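**Q** Structure of the sequence below:
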Amino acid sequence: MNNRKDNPTYNAGKASNSFIKSSINTGNPDGYLVNQKQGKDVVYVDWLNKQASTFWTDQVNMYATKYALDGLWTTMNEPFGDVAGEAAVSKEEATPKRLLEALEAQEDKEPDQSWFYSFWPLDTISTYILPFIPEFETKGNYDQNTLSLNATHALEYTDYDVHSLYPLGMAQSTYIGLKTVNDNRPFYLTKGSFSGIGWATGSTPHTNNNRTWDSLKLGLASVMRSQMFGLTHSGSDVCGYNTNGDLDEELCLRWYQLATFFPLARHSQDKSGPRTEPFMFKSAAKQTQLKKTMHDRMQYLRLMYTCLFETSDSGGTCIDPIQFRYNVPAANIQASSNNFIFAGSLLVSPIMADASQTGTFQSYFPSAQGAWVNMADWSEIITGNDGMVTLQVRDTVNAHLAPGALIPFQNNSDQMLFTTTDVLAKPITLIANRDSNG
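**A** Numbers count the residues shown, from 1 in each chain. Predicted structure coming up:
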(Lines give C-alpha, C1' and ligand atoms only; values in the text may rest on other atoms or scores of the structure.)
Protein backbone atom coordinates (compact mmCIF):
# COMPACT_ATOMS: atom_id res chain seq x y z
CA MET A 1 0.00 0.00 0.00
CA ASN A 2 3.04 2.30 -0.29
CA ASN A 3 1.52 3.81 -3.45
CA ARG A 4 -2.03 3.99 -2.14
CA LYS A 5 -3.41 6.46 -4.66
CA ASP A 6 -2.29 4.35 -7.63
CA ASN A 7 -3.15 0.96 -6.16
CA PRO A 8 -6.50 -0.30 -7.52
CA THR A 9 -6.75 -3.10 -4.95
CA TYR A 10 -6.23 -0.71 -2.06
CA ASN A 11 -8.72 1.77 -3.48
CA ALA A 12 -11.32 -0.95 -4.03
CA GLY A 13 -10.90 -2.13 -0.44
CA LYS A 14 -11.12 1.41 0.83
CA ALA A 15 -14.31 2.06 -1.13
CA SER A 16 -15.96 -0.98 0.46
CA ASN A 17 -14.45 -0.30 3.91
CA SER A 18 -12.92 -3.79 3.82
CA PHE A 19 -9.75 -3.25 5.88
CA ILE A 20 -9.09 -3.63 9.60
CA LYS A 21 -8.77 -0.36 11.50
CA SER A 22 -6.29 0.68 14.15
CA SER A 23 -7.36 1.78 17.62
CA ILE A 24 -3.81 2.83 18.49
CA ASN A 25 -2.50 4.75 15.47
CA THR A 26 -5.71 6.50 14.58
CA GLY A 27 -3.80 9.02 12.49
CA ASN A 28 -2.79 6.39 9.93
CA PRO A 29 -4.06 6.93 6.37
CA ASP A 30 -7.79 6.19 6.36
CA GLY A 31 -7.47 4.95 9.94
CA TYR A 32 -6.31 1.48 8.90
CA LEU A 33 -4.02 -0.79 10.86
CA VAL A 34 -0.68 -0.96 9.06
CA ASN A 35 2.03 -3.60 9.43
CA GLN A 36 4.99 -4.35 7.19
CA LYS A 37 6.26 -7.15 5.00
CA GLN A 38 9.73 -6.94 3.47
CA GLY A 39 9.83 -3.21 4.10
CA LYS A 40 6.46 -2.51 2.47
CA ASP A 41 3.40 -1.21 4.30
CA VAL A 42 0.48 -3.63 4.27
CA VAL A 43 -3.14 -3.53 5.41
CA TYR A 44 -5.42 -6.46 6.27
CA VAL A 45 -8.84 -7.46 5.03
CA ASP A 46 -11.59 -7.43 7.66
CA TRP A 47 -13.41 -10.70 6.96
CA LEU A 48 -16.17 -9.81 9.44
CA ASN A 49 -17.20 -7.01 7.12
CA LYS A 50 -19.95 -8.24 4.78
CA GLN A 51 -18.45 -6.19 1.93
CA ALA A 52 -15.09 -7.90 2.25
CA SER A 53 -16.20 -11.10 0.52
CA THR A 54 -17.43 -9.15 -2.52
CA PHE A 55 -14.22 -7.14 -2.58
CA TRP A 56 -12.08 -10.30 -2.38
CA THR A 57 -14.16 -12.13 -5.00
CA ASP A 58 -13.55 -9.26 -7.42
CA GLN A 59 -9.81 -9.44 -6.76
CA VAL A 60 -9.72 -13.22 -7.36
CA ASN A 61 -11.63 -12.73 -10.60
CA MET A 62 -9.19 -10.04 -11.71
CA TYR A 63 -6.13 -12.24 -11.11
CA ALA A 64 -7.76 -15.33 -12.59
CA THR A 65 -8.59 -13.41 -15.76
CA LYS A 66 -5.10 -11.98 -16.00
CA TYR A 67 -3.09 -15.11 -15.15
CA ALA A 68 -5.42 -18.05 -15.96
CA LEU A 69 -5.24 -19.48 -12.45
CA ASP A 70 -5.59 -23.19 -11.74
CA GLY A 71 -5.79 -22.49 -8.01
CA LEU A 72 -4.52 -20.28 -5.20
CA TRP A 73 -2.22 -20.63 -2.22
CA THR A 74 -2.46 -17.96 0.46
CA THR A 75 0.44 -17.77 2.89
CA MET A 76 1.44 -15.45 5.74
CA ASN A 77 -2.29 -15.33 6.51
CA GLU A 78 -2.14 -16.19 10.21
CA PRO A 79 -2.08 -13.13 9.71
CA PHE A 80 1.64 -12.33 9.67
CA GLY A 81 3.56 -9.07 9.84
CA ASP A 82 7.22 -8.16 10.29
CA VAL A 83 6.31 -5.66 13.03
CA ALA A 84 4.90 -6.59 16.44
CA GLY A 85 1.30 -5.40 16.40
CA GLU A 86 1.37 -2.53 13.95
CA ALA A 87 3.41 0.28 12.54
CA ALA A 88 2.75 4.00 12.91
CA VAL A 89 2.54 5.52 9.45
CA SER A 90 1.50 9.00 10.56
CA LYS A 91 3.64 11.30 12.67
CA GLU A 92 0.93 11.54 15.31
CA GLU A 93 1.81 9.98 18.65
CA ALA A 94 0.16 6.63 19.21
CA THR A 95 -2.49 6.33 21.89
CA PRO A 96 -0.70 5.31 25.13
CA LYS A 97 -0.86 1.61 25.88
CA ARG A 98 -2.48 1.93 29.31
CA LEU A 99 -2.10 -1.68 30.37
CA LEU A 100 1.60 -1.57 29.63
CA GLU A 101 1.96 1.50 31.82
CA ALA A 102 0.08 -0.25 34.60
CA LEU A 103 2.33 -3.27 34.32
CA GLU A 104 5.45 -1.11 34.55
CA ALA A 105 4.03 0.63 37.62
CA GLN A 106 3.76 -2.74 39.35
CA GLU A 107 7.45 -3.61 38.94
CA ASP A 108 9.35 -4.31 42.17
CA LYS A 109 6.13 -4.35 44.19
CA GLU A 110 4.24 -7.03 46.03
CA PRO A 111 1.89 -8.96 43.70
CA ASP A 112 -1.37 -7.08 43.49
CA GLN A 113 -3.88 -7.82 40.73
CA SER A 114 -6.44 -5.21 41.69
CA TRP A 115 -4.99 -2.75 39.18
CA PHE A 116 -5.76 -5.16 36.34
CA TYR A 117 -9.45 -5.37 37.04
CA SER A 118 -9.71 -1.59 36.88
CA PHE A 119 -9.18 -1.96 33.15
CA TRP A 120 -12.25 -4.10 32.55
CA PRO A 121 -13.84 -4.57 30.14
CA LEU A 122 -10.69 -5.18 28.12
CA ASP A 123 -12.42 -5.05 24.75
CA THR A 124 -13.34 -1.38 25.20
CA ILE A 125 -10.19 -0.10 26.90
CA SER A 126 -7.23 -2.13 25.69
CA THR A 127 -6.18 -5.67 24.96
CA TYR A 128 -2.69 -4.79 23.84
CA ILE A 129 -0.88 -5.99 26.96
CA LEU A 130 -2.24 -8.85 29.05
CA PRO A 131 -1.37 -9.60 32.70
CA PHE A 132 -0.01 -13.06 31.96
CA ILE A 133 1.73 -14.02 28.74
CA PRO A 134 3.39 -17.46 28.56
CA GLU A 135 7.06 -17.34 27.51
CA PHE A 136 6.88 -13.55 27.19
CA GLU A 137 10.63 -13.05 27.64
CA THR A 138 11.53 -15.41 24.78
CA LYS A 139 8.56 -15.12 22.42
CA GLY A 140 7.12 -11.72 23.22
CA ASN A 141 3.52 -10.61 23.37
CA TYR A 142 0.66 -12.29 21.51
CA ASP A 143 1.01 -9.61 18.83
CA GLN A 144 4.52 -10.78 17.93
CA ASN A 145 4.66 -10.85 14.09
CA THR A 146 0.92 -10.35 13.85
CA LEU A 147 -1.81 -7.77 14.47
CA SER A 148 -2.42 -5.69 17.58
CA LEU A 149 -4.83 -7.39 19.92
CA ASN A 150 -7.02 -4.30 19.99
CA ALA A 151 -7.22 -3.89 16.21
CA THR A 152 -10.78 -2.94 15.28
CA HIS A 153 -12.91 -5.27 13.17
CA ALA A 154 -16.45 -4.81 11.93
CA LEU A 155 -19.28 -5.25 14.44
CA GLU A 156 -17.01 -3.61 17.04
CA TYR A 157 -14.97 -6.76 17.65
CA THR A 158 -11.32 -6.50 18.60
CA ASP A 159 -8.66 -8.80 17.22
CA TYR A 160 -8.33 -10.25 20.72
CA ASP A 161 -11.80 -11.79 20.24
CA VAL A 162 -11.58 -12.99 16.63
CA HIS A 163 -7.88 -13.36 15.77
CA SER A 164 -8.02 -17.09 15.03
CA LEU A 165 -10.93 -16.64 12.62
CA TYR A 166 -8.81 -14.66 10.14
CA PRO A 167 -7.73 -17.63 7.95
CA LEU A 168 -11.24 -19.09 8.12
CA GLY A 169 -12.76 -15.87 6.76
CA MET A 170 -10.12 -15.69 4.05
CA ALA A 171 -10.72 -19.32 3.05
CA GLN A 172 -14.45 -18.83 2.73
CA SER A 173 -14.11 -15.72 0.56
CA THR A 174 -11.34 -17.23 -1.57
CA TYR A 175 -13.40 -20.37 -2.20
CA ILE A 176 -16.38 -18.26 -3.27
CA GLY A 177 -14.11 -16.20 -5.51
CA LEU A 178 -12.64 -19.26 -7.23
CA LYS A 179 -16.11 -20.71 -7.76
CA THR A 180 -17.08 -17.60 -9.71
CA VAL A 181 -14.15 -18.13 -12.10
CA ASN A 182 -15.49 -21.49 -13.25
CA ASP A 183 -17.71 -24.23 -11.88
CA ASN A 184 -14.85 -26.62 -11.13
CA ARG A 185 -14.12 -27.67 -7.57
CA PRO A 186 -11.60 -25.00 -6.45
CA PHE A 187 -8.03 -25.93 -5.66
CA TYR A 188 -7.00 -23.75 -2.76
CA LEU A 189 -4.29 -24.05 -0.10
CA THR A 190 -3.79 -21.92 2.98
CA LYS A 191 -1.03 -21.70 5.54
CA GLY A 192 -3.19 -20.26 8.31
CA SER A 193 -5.99 -22.59 9.39
CA PHE A 194 -8.82 -23.08 11.84
CA SER A 195 -11.12 -25.92 12.85
CA GLY A 196 -13.63 -26.71 10.08
CA ILE A 197 -11.72 -24.89 7.36
CA GLY A 198 -11.29 -28.10 5.35
CA TRP A 199 -14.56 -27.73 3.42
CA ALA A 200 -12.94 -24.90 1.47
CA THR A 201 -9.20 -25.48 1.48
CA GLY A 202 -6.19 -27.68 2.12
CA SER A 203 -3.25 -26.75 4.33
CA THR A 204 0.28 -27.63 5.44
CA PRO A 205 0.03 -27.97 9.23
CA HIS A 206 3.59 -29.24 9.69
CA THR A 207 5.76 -26.61 8.02
CA ASN A 208 9.13 -25.11 8.91
CA ASN A 209 9.93 -28.51 10.42
CA ASN A 210 13.35 -30.01 11.06
CA ARG A 211 15.12 -32.70 9.07
CA THR A 212 15.12 -35.30 11.83
CA TRP A 213 13.49 -38.66 12.52
CA ASP A 214 11.54 -37.08 15.38
CA SER A 215 10.15 -34.46 13.03
CA LEU A 216 9.14 -37.17 10.55
CA LYS A 217 7.09 -38.80 13.32
CA LEU A 218 5.60 -35.48 14.36
CA GLY A 219 4.59 -34.88 10.75
CA LEU A 220 2.36 -37.95 10.79
CA ALA A 221 0.87 -36.94 14.16
CA SER A 222 0.24 -33.42 12.84
CA VAL A 223 -1.55 -34.67 9.74
CA MET A 224 -3.76 -37.02 11.79
CA ARG A 225 -4.58 -34.16 14.16
CA SER A 226 -5.54 -31.95 11.21
CA GLN A 227 -7.90 -34.67 10.01
CA MET A 228 -9.68 -34.51 13.37
CA PHE A 229 -10.05 -30.75 12.95
CA GLY A 230 -11.81 -31.23 9.61
CA LEU A 231 -8.75 -30.44 7.45
CA THR A 232 -8.31 -33.59 5.39
CA HIS A 233 -6.28 -32.09 2.51
CA SER A 234 -3.12 -31.67 4.57
CA GLY A 235 0.52 -32.75 4.72
CA SER A 236 3.99 -31.73 5.84
CA ASP A 237 7.21 -30.44 4.35
CA VAL A 238 8.74 -33.68 3.07
CA CYS A 239 12.34 -34.25 4.18
CA GLY A 240 12.17 -31.27 6.54
CA TYR A 241 12.29 -27.53 5.89
CA ASN A 242 15.08 -26.55 8.29
CA THR A 243 18.33 -28.16 7.26
CA ASN A 244 20.84 -29.44 9.79
CA GLY A 245 24.02 -30.86 8.34
CA ASP A 246 24.42 -33.03 5.28
CA LEU A 247 21.57 -34.66 3.38
CA ASP A 248 20.45 -37.84 5.15
CA GLU A 249 19.29 -39.91 2.20
CA GLU A 250 17.87 -42.73 4.34
CA LEU A 251 15.72 -40.29 6.33
CA CYS A 252 14.51 -38.44 3.24
CA LEU A 253 13.67 -41.69 1.42
CA ARG A 254 11.48 -42.86 4.30
CA TRP A 255 9.84 -39.42 4.46
CA TYR A 256 8.93 -39.59 0.77
CA GLN A 257 7.54 -43.08 1.33
CA LEU A 258 5.42 -41.85 4.25
CA ALA A 259 4.12 -39.01 2.07
CA THR A 260 2.80 -41.51 -0.49
CA PHE A 261 -0.51 -41.25 1.35
CA PHE A 262 -0.37 -37.61 2.42
CA PRO A 263 -3.01 -35.71 0.43
CA LEU A 264 -0.62 -32.77 0.29
CA ALA A 265 2.95 -33.95 -0.26
CA ARG A 266 5.31 -31.10 -1.05
CA HIS A 267 9.05 -30.57 -0.98
CA SER A 268 9.98 -27.28 0.65
CA GLN A 269 13.21 -26.24 2.37
CA ASP A 270 15.25 -23.22 3.36
CA LYS A 271 17.88 -22.06 0.92
CA SER A 272 20.84 -22.30 3.27
CA GLY A 273 21.20 -26.08 3.53
CA PRO A 274 21.96 -28.91 1.11
CA ARG A 275 19.27 -29.52 -1.49
CA THR A 276 17.07 -32.57 -0.93
CA GLU A 277 15.22 -33.09 -4.20
CA PRO A 278 15.22 -36.76 -5.28
CA PHE A 279 17.54 -36.06 -8.20
CA MET A 280 20.16 -34.76 -5.74
CA PHE A 281 20.55 -38.17 -4.07
CA LYS A 282 23.98 -39.71 -4.61
CA SER A 283 22.83 -43.30 -4.07
CA ALA A 284 21.57 -44.81 -7.32
CA ALA A 285 19.67 -47.45 -5.33
CA LYS A 286 17.82 -44.83 -3.32
CA GLN A 287 17.03 -42.83 -6.46
CA THR A 288 15.43 -45.97 -7.87
CA GLN A 289 13.41 -46.42 -4.66
CA LEU A 290 12.30 -42.79 -4.77
CA LYS A 291 11.14 -43.16 -8.36
CA LYS A 292 9.15 -46.28 -7.45
CA THR A 293 7.67 -44.44 -4.46
CA MET A 294 6.39 -41.59 -6.60
CA HIS A 295 4.87 -43.99 -9.10
CA ASP A 296 3.39 -45.94 -6.21
CA ARG A 297 1.50 -42.83 -5.11
CA MET A 298 -0.21 -42.58 -8.51
CA GLN A 299 -1.79 -46.01 -8.00
CA TYR A 300 -3.85 -44.70 -5.08
CA LEU A 301 -4.93 -41.31 -6.42
CA ARG A 302 -8.45 -42.52 -7.25
CA LEU A 303 -8.87 -43.76 -3.68
CA MET A 304 -7.39 -40.55 -2.29
CA TYR A 305 -9.54 -38.24 -4.40
CA THR A 306 -12.68 -40.21 -3.52
CA CYS A 307 -11.96 -39.90 0.17
CA LEU A 308 -11.12 -36.19 -0.07
CA PHE A 309 -14.33 -35.45 -1.94
CA GLU A 310 -16.48 -37.39 0.51
CA THR A 311 -14.93 -35.71 3.54
CA SER A 312 -15.23 -32.21 2.05
CA ASP A 313 -18.89 -32.88 1.24
CA SER A 314 -20.08 -34.66 4.37
CA GLY A 315 -17.20 -34.67 6.88
CA GLY A 316 -14.93 -37.45 8.03
CA THR A 317 -11.24 -38.30 7.86
CA CYS A 318 -8.80 -39.94 5.44
CA ILE A 319 -5.78 -40.60 7.70
CA ASP A 320 -6.62 -42.12 11.08
CA PRO A 321 -4.86 -43.64 14.07
CA ILE A 322 -5.53 -47.38 14.12
CA GLN A 323 -7.64 -47.12 17.28
CA PHE A 324 -10.12 -44.94 15.38
CA ARG A 325 -11.04 -47.97 13.27
CA TYR A 326 -10.11 -51.01 15.37
CA ASN A 327 -10.10 -52.06 18.98
CA VAL A 328 -6.55 -51.54 20.23
CA PRO A 329 -5.77 -52.63 23.80
CA ALA A 330 -4.36 -49.87 26.00
CA ALA A 331 -1.04 -51.74 26.24
CA ASN A 332 -0.60 -51.49 22.45
CA ILE A 333 -1.55 -47.84 21.91
CA GLN A 334 2.08 -46.70 21.84
CA ALA A 335 3.09 -49.57 19.55
CA SER A 336 0.41 -48.57 17.06
CA SER A 337 1.40 -44.89 16.91
CA ASN A 338 3.69 -45.33 13.88
CA ASN A 339 0.95 -46.83 11.68
CA PHE A 340 -2.19 -45.32 10.27
CA ILE A 341 -5.35 -46.28 8.40
CA PHE A 342 -5.79 -44.61 5.02
CA ALA A 343 -9.28 -44.05 3.59
CA GLY A 344 -10.66 -46.62 6.01
CA SER A 345 -9.17 -49.38 3.85
CA LEU A 346 -5.38 -49.56 4.00
CA LEU A 347 -3.10 -50.17 6.96
CA VAL A 348 0.06 -48.20 6.15
CA SER A 349 3.33 -49.11 7.92
CA PRO A 350 5.94 -46.41 7.28
CA ILE A 351 9.53 -46.79 8.43
CA MET A 352 10.14 -44.33 11.28
CA ALA A 353 13.77 -45.15 12.09
CA ASP A 354 16.91 -46.05 10.18
CA ALA A 355 16.40 -49.59 8.87
CA SER A 356 19.10 -49.52 6.22
CA GLN A 357 21.25 -52.11 8.02
CA THR A 358 18.55 -54.53 9.15
CA GLY A 359 16.30 -55.08 6.15
CA THR A 360 13.29 -55.56 8.46
CA PHE A 361 11.24 -53.54 10.92
CA GLN A 362 8.37 -54.04 13.36
CA SER A 363 4.83 -52.90 12.67
CA TYR A 364 1.62 -53.21 14.67
CA PHE A 365 -1.41 -55.05 13.24
CA PRO A 366 -4.78 -55.05 14.99
CA SER A 367 -6.97 -58.09 15.16
CA ALA A 368 -9.61 -58.10 12.39
CA GLN A 369 -12.16 -60.43 10.84
CA GLY A 370 -9.91 -61.79 8.15
CA ALA A 371 -6.44 -61.33 6.66
CA TRP A 372 -4.39 -58.25 5.80
CA VAL A 373 -2.97 -58.45 2.24
CA ASN A 374 0.12 -56.54 1.11
CA MET A 375 -0.65 -54.31 -1.87
CA ALA A 376 2.89 -54.65 -3.28
CA ASP A 377 2.57 -58.20 -4.60
CA TRP A 378 -0.45 -59.78 -2.85
CA SER A 379 1.84 -62.52 -1.47
CA GLU A 380 2.17 -61.30 2.11
CA ILE A 381 -0.93 -62.27 4.10
CA ILE A 382 -1.10 -61.45 7.81
CA THR A 383 -3.63 -63.04 10.15
CA GLY A 384 -3.91 -63.59 13.88
CA ASN A 385 -4.45 -61.60 17.03
CA ASP A 386 -3.22 -58.06 17.50
CA GLY A 387 0.49 -57.48 18.02
CA MET A 388 3.78 -56.64 16.37
CA VAL A 389 4.69 -58.19 13.00
CA THR A 390 8.09 -58.24 11.30
CA LEU A 391 7.88 -56.69 7.82
CA GLN A 392 10.42 -56.54 5.02
CA VAL A 393 11.89 -53.20 4.01
CA ARG A 394 10.58 -52.65 0.48
CA ASP A 395 11.27 -50.17 -2.28
CA THR A 396 7.89 -48.59 -1.49
CA VAL A 397 5.96 -48.11 1.74
CA ASN A 398 4.20 -51.19 3.13
CA ALA A 399 0.43 -50.97 2.72
CA HIS A 400 -1.99 -53.81 3.55
CA LEU A 401 -5.58 -54.01 2.38
CA ALA A 402 -7.97 -54.47 5.28
CA PRO A 403 -10.37 -57.42 5.53
CA GLY A 404 -13.72 -56.48 4.02
CA ALA A 405 -12.30 -53.49 2.09
CA LEU A 406 -13.09 -52.57 -1.52
CA ILE A 407 -10.93 -49.92 -3.22
CA PRO A 408 -10.34 -48.44 -6.69
CA PHE A 409 -6.81 -49.16 -7.92
CA GLN A 410 -4.72 -48.39 -11.00
CA ASN A 411 -1.67 -50.59 -11.29
CA ASN A 412 1.38 -48.49 -12.10
CA SER A 413 4.04 -51.18 -12.14
CA ASP A 414 4.90 -50.10 -15.69
CA GLN A 415 5.53 -46.57 -14.31
CA MET A 416 3.48 -44.91 -17.04
CA LEU A 417 1.30 -42.75 -14.76
CA PHE A 418 2.93 -39.36 -14.38
CA THR A 419 0.06 -36.88 -14.16
CA THR A 420 -3.63 -36.80 -13.26
CA THR A 421 -4.32 -36.72 -17.00
CA ASP A 422 -2.67 -40.13 -17.25
CA VAL A 423 -4.74 -41.34 -14.30
CA LEU A 424 -7.99 -40.25 -15.95
CA ALA A 425 -7.10 -42.14 -19.13
CA LYS A 426 -6.26 -45.44 -17.40
CA PRO A 427 -8.96 -48.04 -16.56
CA ILE A 428 -9.84 -48.59 -12.91
CA THR A 429 -9.62 -51.95 -11.16
CA LEU A 430 -11.77 -52.65 -8.11
CA ILE A 431 -9.94 -54.76 -5.54
CA ALA A 432 -11.85 -56.54 -2.78
CA ASN A 433 -10.43 -58.35 0.22
CA ARG A 434 -13.07 -60.67 1.63
CA ASP A 435 -13.37 -60.87 5.38
CA SER A 436 -14.14 -63.98 7.41
CA ASN A 437 -17.85 -63.50 6.70
CA GLY A 438 -17.20 -63.92 2.97
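**Q** contacts and neighbour counts: CA atoms only from here.
**A** Will do.
**Q** give me the number of residues near the nearest residue to residue 241 once chain neighbours are set aside?
**A** Of all residues not flanking residue 241 in the chain, residue 269 sits nearest, at 3.9 Å (C-alpha to C-alpha, 6 or more residues apart in numbering). Applying other C-alpha atoms under 10 Å, we find 23 residues neighbouring residue 269.
**Q** when you give positions from now on, start the count at 268
**A** Let's use 268 as the start, then, which means that last one is residue 536.
**Q** for the record, mean pLDDT for stretch 492-506?
**A** Averaged across stretch 492-506, the pLDDT comes to 87.
**Q** How about stretch 689-705?
**A** Stretch 689-705 carries an average pLDDT of 91.
**Q** try stretch 353-366
**A** Mean pLDDT, stretch 353-366: 57.
**Q** Per-residue pLDDT of the residue nearest to residue 508, please?
**A** Reported pLDDT at residue 536 in the predicted model: 79.
**Q** How about residue 387?
**A** We have a pLDDT of 50 for residue 387.
**Q** cool, residue 376 as well?
**A** On the pLDDT scale, residue 376 is placed at 55.
**Q** got it, and the one 4 residues further on?
**A** Per-residue confidence (pLDDT) for residue 380: 51.
**Q** Where does residue 321 sit: helix, strand or coil?
**A** Here residue 321 takes the helix state, with states given by DSSP: H, G, I helix; E, B strand; the rest coil.
**Q** The one 5 residues further on too?
**A** Residue 326 falls in the helix class when you classify it by three-state DSSP.
**Q** Please look at it and residue 277 and confirm they touch.
**A** No - between residue 326 and residue 277 there is no contact under C-alpha atoms under 8 Å: 10.5 Å.
**Q** quick one: pLDDT of residue 393?
**A** We note a pLDDT of 41 for residue 393 in this prediction.
**Q** what about stretch 531-545, distance to the chain center?
**A** 17 Å (C-alpha atoms, centre = their mean, to the nearest Å).
**Q** From one end of that stretch to the other, what's the distance?
**A** End-to-end distance for stretch 531-545: 17 Å, by C-alpha to C-alpha, to the nearest Å.
**Q** what about the strands in the stretch 368-517 of the chain?
**A** Using DSSP state E, counting those that start in this stretch, the strands of the stretch 368-517 of the chain run over residues 455-457, 469-473, 501-504.
**Q** so which of those gets nearest residue 689?
**A** Distance to residue 689, taken as C-alpha to C-alpha, is lowest for strand 455-457 among those, at 22.3 Å.
**Q** Which residues does the closest one contact?
**A** Outside strand 455-457, the residues that touch it by C-alpha atoms under 8 Å, 6 or more residues apart in numbering are 338-342, 344, 434, 438, 441-442, 467-471.
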